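A.B. asks: would you be able to build a 3D model of this:
(chains A and B)
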2 protein chains.
Amino acid sequence: MSQRTKIKALLQSGQTGFETTVKGWVRTFRNNQFIALNDGSTNNNLQIVVDFENTDPALLKRLTTGAAISVTGQVVASLGKGQKVEVKAASIEILGDSDPEKFPLQPKKHSLEFLREIAHLRFRTNTFGAVFRVRNTLAFAVHQFFQERGFVYLNTPIITASDAEGAGETFHVTNFDLNNIPKTAEGEVDYKEDFFGKATNLTVSGQLEGELGAMALSDIYTFGPTFRAENSNTTRHLAEFWMIEPEMAFYDLEDNANLAEELLKYVIKEALEKNAEDLEFLAQRLAEEEKQKPQQERSEMTLLEKLKFCLDNDFERLTYTEAIDILKNSSQNKKKKFNYLIESWGADLQSEHERYLVEKHFKKPVILTDYPAEIKAFYMRQNEPDAEGRKTVRAMDILFPGIGEMVGGSQREERLDKLEQRMDEMGIPKEELDWYLDTRRFGTCPHAGFGLGFERLVQFVTGMGNIRDVIPFPRFPKNAEF
Amino acid sequence: MSQRTKIKALLQSGQTGFETTVKGWVRTFRNNQFIALNDGSTNNNLQIVVDFENTDPALLKRLTTGAAISVTGQVVASLGKGQKVEVKAASIEILGDSDPEKFPLQPKKHSLEFLREIAHLRFRTNTFGAVFRVRNTLAFAVHQFFQERGFVYLNTPIITASDAEGAGETFHVTNFDLNNIPKTAEGEVDYKEDFFGKATNLTVSGQLEGELGAMALSDIYTFGPTFRAENSNTTRHLAEFWMIEPEMAFYDLEDNANLAEELLKYVIKEALEKNAEDLEFLAQRLAEEEKQKPQQERSEMTLLEKLKFCLDNDFERLTYTEAIDILKNSSQNKKKKFNYLIESWGADLQSEHERYLVEKHFKKPVILTDYPAEIKAFYMRQNEPDAEGRKTVRAMDILFPGIGEMVGGSQREERLDKLEQRMDEMGIPKEELDWYLDTRRFGTCPHAGFGLGFERLVQFVTGMGNIRDVIPFPRFPKNAEF
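C.D. replies: This is a model prediction of the structure:
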């Protein structure tokens, strides 16, 4: 039954003069003559020319938006604009009707908010077809990039009893009947009775387990779902999102930054090559959207210009300390236009500061390194204190225009004594992470890694403003539909 | 810092006469002269020749199993057996010591059970290095296979409120403090107060959501974690495992079976090509293990023979009804050697029956189709009842020697009325799956799909007997270590 030609192949080859069968969904049917047929293989529709004089009027009536059909006919050169070939229908079979009175997707512009409500059908729109084909290309490009470099794809656990990283609020995973939770004699939850015999949660990061792999296989990467139970109703946060986390033995922070920059350029290049038509469509969509904004909020570059700019320019690299100087002396800060004024070294950077650096000052992606130890995680490698005694760690964040933090990483603290000292200072229970410390006890070595938030990458490449529009079925507070 | 040569590249090229730097972990150090160095890029160690007369004795003492080192020296032809090239060390740096009194991995044979206890270190053994490199190859081959065919990789949700498929017991996901669960006035758990505003669980399958994608993009596949909260302490079950679930519009059951067979052959071929050395090592390991078994329990083929056999032979295809005839008339059944005797049509097949068909009768992978409707899920396409009035559905299971069910799939019921009728019969709440039914309301079409248990595939290809040994950190009852 699967003998049919996909529309993408037909349009790309441009060949004519043979009979073929195509299957897909009707986007529009106009003048009782022209069907625009889409099968999801490309954003472009195939034009089907119907011989309406010799077609049963009852069938013509069923050629409504959303109907699934199978068409057999000759592929011929198209006289119309916008396509090289079209199919002259010899026979049309209706596979599935679509009642135009009820089908929610009409051939008109729907708001993204409305389409989010019908996420099960939004795949059938031009915008979401394009977004999810680009997402697909980016995901495969990530794998290709690492495979070409000899990395091992490692599946770190999703359910975990370790919550020591402190990356965020976690979701509990339990087998208990919530109406009837077993209690100990002391009246506490008796986790011994739970499925795993202890309290477990959904992972916030595969990094610590990833390091275990890297300390044997040299270079590994994860690509899997991660979770945050944070009550953030923003356009930048999801409760469930996908993350890519490579870990490399014998890498320092500079190697780490080089790899991340190379990865980002590689995957953007792949999307530009494989999804040219999807990206052109999304660029137009974004341009229309931007027209609604006041002039000064509009982007100076089109989507395609932004993507090419990323490929052609080195990311700006500077230390946190240098960034603080720039921010402190900025007119923005002096005119007190930041909500959080930068007064002294040590301040955590807010989104407004990151945006200033990336969008106003450097106007390109920025790699910020060597953050104050106080605002970063325990596992990051400690620098020697500077002349003023300030303590920093070998962290790096990669900030992107319009997105903010795309990548967070660091060289890891490989020295057992330094690591234990920092865990003590930060109150992290060493006994729970004894397995992690074993990597520093036995054959430790310099190593580094980073996490790339996949949806933020998809947002950047597709130009979609809301992160809920780049994952098929977004999870956020009070929403777990489908 | 990452400027070093990986051992795989060095051994593969076989070139000599240049200086290089290698980094890795000491596997053995013998005669104060020969280091076997491994960096995880290959199962083969690189021989480092140490000039012990001119090396600090204190450094020699630190060359212990597990230590991380960096070595710079000339690549020369090797006089020893087993390798073409070796490195004459000009300088050796110890990056991380490994106290031989404490390091749990000694250069001797450890049991798989022991290694499972130290899963954070087992990556450093030949067996697990090989297993996880093969797993990596298989995972990437899955992506390659689908990408070459224009499928879109789709991330279906991990956290879901839909539990209607009935594929198994689910884990609850909650943000509640389990010590203090909000209750309604009626004393029930007040899920409105939970993070998602309703009861949620971990997905058992992405199929239903995958179908939504296929009904717009034509061909999609998922590859992500799935979960079962079943108290199964077996060598074939995990509470957390990875599954590949393609869904194809305009496919019938035969197309579906063809695609699955093609996929399995493709990924096995990739492993044979890319991991020849790993698989040879694992074949030897399995042969040694089999020597411990009584003669009649040993496999007739070696691991490599089994893999090649799969590539070279068509999978056997037959219907459930045909299989029942074979089983009923088998000497096994007549001599009452099955625990569950096959007496009549309609019986669910047990593992012993599947093994008989695959391992004794056909001696190759088997695709069983058209199971009784009663023992299969609601979404499978209903056949016309046969002459005897027996109802079957267009299901297929692919059974593998030593593994049992590797793939389960079906043509889906695309007819709204038939689907609703079956849901009613099986007591599946239609309102909860209204979004799923929408695909049958608007432009429905014949479609099909299947699920491939990734760890079972890795088991088959690596010959590992216990599924806990083919995933880095296995989750099973009372175990969520690391």
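
A.B. asks: which one is A:Tyr266 nearest to, not counting chain neighbours?
C.D. replies: Excluding its sequence neighbours, the residue lying closest to A:Tyr266 (Cβ to Cβ, 6 or more residues apart in numbering or on different chains) is A:Phe145, at 4.8 Å. (Each C-beta comes from the backbone N, C-alpha and C, glycine too.)

A.B. asks: show the contacting residues for A:Thr127.
C.D. replies: By Cβ atoms under 8 Å, 6 or more residues apart in numbering or on different chains, the residues touching A:Thr127 are A:Leu112, A:Leu115, A:Phe281, A:Leu282, A:Arg285.

A.B. asks: which of those has the largest number of neighbours?
C.D. replies: Highest neighbour count within those: A:Leu282, with 23 neighbours (other Cβ atoms under 10 Å in any protein chain shown).

A.B. asks: give me the pLDDT for it.
C.D. replies: Note on A:Leu282: pLDDT of 98.

A.B. asks: again with A:Lys61
C.D. replies: Looking at A:Lys61, its pLDDT is 97.

A.B. asks: kindly report the same for A:Arg298.
C.D. replies: pLDDT, read off for A:Arg298, is 86.

A.B. asks: which element is the residue nearest to A:Tyr266 on?
C.D. replies: Here A:Phe145, judged by DSSP states H and E, is contained in helix A:126-148.

A.B. asks: next, the buried residues of that helix.
C.D. replies: Neighbour counts over helix A:126-148 (16 or more other Cβ atoms under 10 Å in any protein chain shown) mark A:126-147 as buried.

A.B. asks: send me that helix as CSV with only the CA atoms.
C.D. replies: C-alpha atoms of helix A:126-148 as CSV (Å, rounded to 0.1, in the frame of the first residue of the first chain):
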residue,chain,number,x,y,z
ASN,A,126,2.4,25.5,7.4
THR,A,127,4.0,27.1,10.4
PHE,A,128,4.1,23.9,12.6
GLY,A,129,5.0,21.6,9.7
ALA,A,130,8.0,23.8,9.1
VAL,A,131,8.9,24.1,12.8
PHE,A,132,8.8,20.3,13.4
ARG,A,133,10.7,19.5,10.2
VAL,A,134,13.4,22.0,11.3
ARG,A,135,13.4,20.5,14.8
ASN,A,136,13.9,17.1,13.2
THR,A,137,16.9,18.3,11.2
LEU,A,138,18.5,19.9,14.2
ALA,A,139,18.1,16.8,16.3
PHE,A,140,19.7,14.6,13.7
ALA,A,141,22.4,17.1,13.1
VAL,A,142,23.3,16.9,16.8
HIS,A,143,23.7,13.2,16.6
GLN,A,144,25.7,13.5,13.4
PHE,A,145,28.0,16.1,14.8
PHE,A,146,28.9,13.9,17.8
GLN,A,147,29.1,10.7,15.9
GLU,A,148,31.5,12.2,13.4
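
A.B. asks: quick revisit: so what's the residue nearest to A:Tyr266 up against?
C.D. replies: A:Glu262, A:Leu263, A:Tyr266, A:Val267.

A.B. asks: which ChimeraX command selects the buried ones in those?
C.D. replies: Applying 16+ other Cβ under 10 Å to the contacts of A:Phe145, the buried members can be selected in ChimeraX as follows:
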select /A:263,266,267
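
A.B. asks: tell me the one of the contacts of A:Phe145 nearest chain B?
C.D. replies: Nearest to chain B among those: A:Glu262, at 11.6 Å, using Cβ to the nearest Cβ.

A.B. asks: quick one: the closest one and B:Val393, what's the gap?
C.D. replies: For A:Glu262, the distance to B:Val393 equals 50 Å [Cβ to Cβ, to the nearest Å].

A.B. asks: you'd agree A:Pro372 is up against A:Arg390?
C.D. replies: Yes: counting by Cβ atoms under 8 Å, A:Pro372 touches A:Arg390, with 7.0 Å between them.

A.B. asks: and the gap between the residue nearest to A:Tyr266 and chain B?
C.D. replies: 11 Å (Cβ to the nearest Cβ, to the nearest Å).

A.B. asks: find residues that contact each of A:Pro372 and A:Arg390.
C.D. replies: A:Trp345, A:Gly346.

A.B. asks: can I get the helix or strand encompassing A:Leu264 in CSV, CA atoms only?
C.D. replies: A:Leu264 belongs to helix A:253-274 when assigned by DSSP H and E. What follows is helix A:253-274, C-alpha atoms only, in CSV (Å, rounded to 0.1, in the frame of the first residue of the first chain):
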residue,chain,number,x,y,z
LEU,A,253,37.2,25.2,29.3
GLU,A,254,38.6,26.5,26.1
ASP,A,255,38.2,23.1,24.4
ASN,A,256,34.7,23.0,25.8
ALA,A,257,33.8,26.5,24.4
ASN,A,258,35.3,25.5,21.0
LEU,A,259,33.2,22.4,20.9
ALA,A,260,30.0,24.2,21.8
GLU,A,261,30.5,26.9,19.2
GLU,A,262,31.4,24.3,16.6
LEU,A,263,28.2,22.3,17.4
LEU,A,264,25.9,25.3,17.2
LYS,A,265,27.4,26.4,13.9
TYR,A,266,27.2,22.9,12.5
VAL,A,267,23.5,22.3,13.3
ILE,A,268,22.5,25.8,12.1
LYS,A,269,24.3,25.1,8.8
GLU,A,270,22.5,21.8,8.5
ALA,A,271,19.1,23.5,8.9
LEU,A,272,19.9,26.2,6.4
GLU,A,273,20.9,23.5,3.9
LYS,A,274,18.2,20.9,4.5
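
A.B. asks: mind listing what's buried in it?
C.D. replies: Buried residues in helix A:253-274 (16+ other Cβ under 10 Å): A:253-257, A:259-261, A:263-268, A:270-272, A:274.

A.B. asks: same check on stretch A:363-376?
C.D. replies: Within stretch A:363-376, the residues that count as buried by 16+ other Cβ under 10 Å are A:Lys364, A:Pro365, A:Val366, A:Ile367, A:Leu368, A:Thr369, A:Asp370, A:Tyr371, A:Pro372, A:Ala373, A:Lys376.

A.B. asks: how about A:Thr5, what does it touch?
C.D. replies: Here A:Thr5 is in contact with A:Thr20, A:Thr21, A:Val22 (criterion: Cβ under 8 Å, 6+ apart).

A.B. asks: what's the nearest residue to A:Glu211 if we skip its chain neighbours?
C.D. replies: Using Cβ to Cβ, 6+ apart, the nearest residue to A:Glu211 is A:Glu247, at 5.2 Å.

A.B. asks: and for the one you found, the neighbour number?
C.D. replies: Neighbours of A:Glu247 using other Cβ under 10 Å come to 32.

A.B. asks: confirm that it lies within a helix, as I assumed.
C.D. replies: No: per DSSP: H, G, I helix; E, B strand; the rest coil, A:Glu247 lies outside any helix segment and is strand.

A.B. asks: residue ranges of the strands in the stretch 301-450 of chain A, please?
C.D. replies: Taking DSSP state E, counting those that start in this stretch as the criterion, the stretch 301-450 of chain A carries its strands at A:316-319, A:366-372, A:392-400, A:404-411, A:447-453.

A.B. asks: spatially nearest residue to A:Ala199 (excluding sequence neighbours)?
C.D. replies: The spatially closest residue to A:Ala199, leaving aside those adjacent along the chain, is A:Tyr191, at 4.8 Å (Cβ to Cβ, 6+ apart).

A.B. asks: who's in contact with the one you found?
C.D. replies: A:Gly197, A:Lys198, A:Ala199.

A.B. asks: for A:Ala68, same thing?
C.D. replies: A:Lys23, A:Gly24, A:Trp25, A:Val26, A:Ile94, A:Leu95, A:Gly96, A:Ser98, B:Ala249, B:Gly443, B:Thr444, B:Cys445.

A.B. asks: is it in a bridge, and if so with what?
C.D. replies: Beta bridges link A:Ala68 to A:Trp25, A:Gly96, judged by DSSP bridges.
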